[in-house]
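Asks: Here is a sequence with its predicted model. Questions after.
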Amino acid sequence: MTHGKPEWPSTMPSLLLKIRELHNHPAWQAFVEIYHPLIFSFCRRRGLQDADAFDVTQEVFSKVSQGIGSFCYEPHKGKFRNWLGTITRHEISNFIQRDDRQRGSAIQVQSLETLVGVPGEVDAEWVEQFNTYVHDTAVLRIRPEFDHDQWQVFVLGWLEDKPSGQVADAMNRDVQWVYKTKNLVLARLKQEIEFLTADIARCSM
């Protein structure tokens, strides 16, 4: 049986709540450092050159900074993930509209339709890229917290999906220790994913 990714949390405020605080520069810096590669990569996948992708990414963060104060999680309107994706696609569209000197009108119209899609529709490519990126980022961020044997259990038992008995034999460890260690790392991974992605539960009045 292949394990799925951890369920994406949607109610626990964390980093998003911190960046709403005025003058919380460390939180904003952490947010930019974490999400800059994701947005930049998405821009590149949509055909933008490095310099243009960088400029668009900066515009996305500018819009997030302006709008995060009024963002709140409402299930019928979608998650922060989708909100960020909408801003990113919108800024890419704006760039393409301004770039008539490098694009013919027919190509531009086709690109805009691809970027914007049907109103209200979630961009499946963005969702997949976002979820994979956040999972991989969380894995990298928690790695220093565990010793070699603990991490090896996580790699073999979760990332490579090997049975706990097989992992125990390979590491010459008790199977119960393997169970406990894997659950320990998974619990920490879920916590880190929540920190990176959790939506803001209530709107400010």
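Replies: Thanks, I have it. Numbers count the residues shown, from 1 in each chain.

Asks: looking at the protein, which helix or strand is least sure?
Replies: helix 105-116 (a mean of 42; mean pLDDT, DSSP states H and E).

Asks: how about stretch 26-46: buried residues?
Replies: Of all the residues in stretch 26-46, those buried under the rule 16 or more other C-beta atoms under 10 Å are 27-28, 30-32, 34-35, 38-40, 42-44, 46. Placement of C-beta: from N, CA and C, glycine included.

Asks: Now the two most distant members of the residues you listed.
Replies: Greatest spatial distance among the buried residues of stretch 26-46 (C-beta to C-beta): Ala27 and Arg46, at 28.2 Å.

Asks: can I assume Tyr35 is in contact with Ile87?
Replies: No: assessed by C-beta atoms under 8 Å, Tyr35 is found out of contact with Ile87, at 11.2 Å.

Asks: May I ask you to name the longest helix in the protein?
Replies: Using DSSP state H, we find that the single longest helix of the chain is helix 175-197.

Asks: And the contacts of that helix?
Replies: Applying C-beta atoms under 8 Å, 6 or more residues apart in numbering, the contact partners of helix 175-197 are 6, 8-9, 12, 14-15, 34, 80-81, 134-135, 137-139, 141-142, 145-146, 149-151, 153-154, 157-158, 164-165, 167-168, 171.
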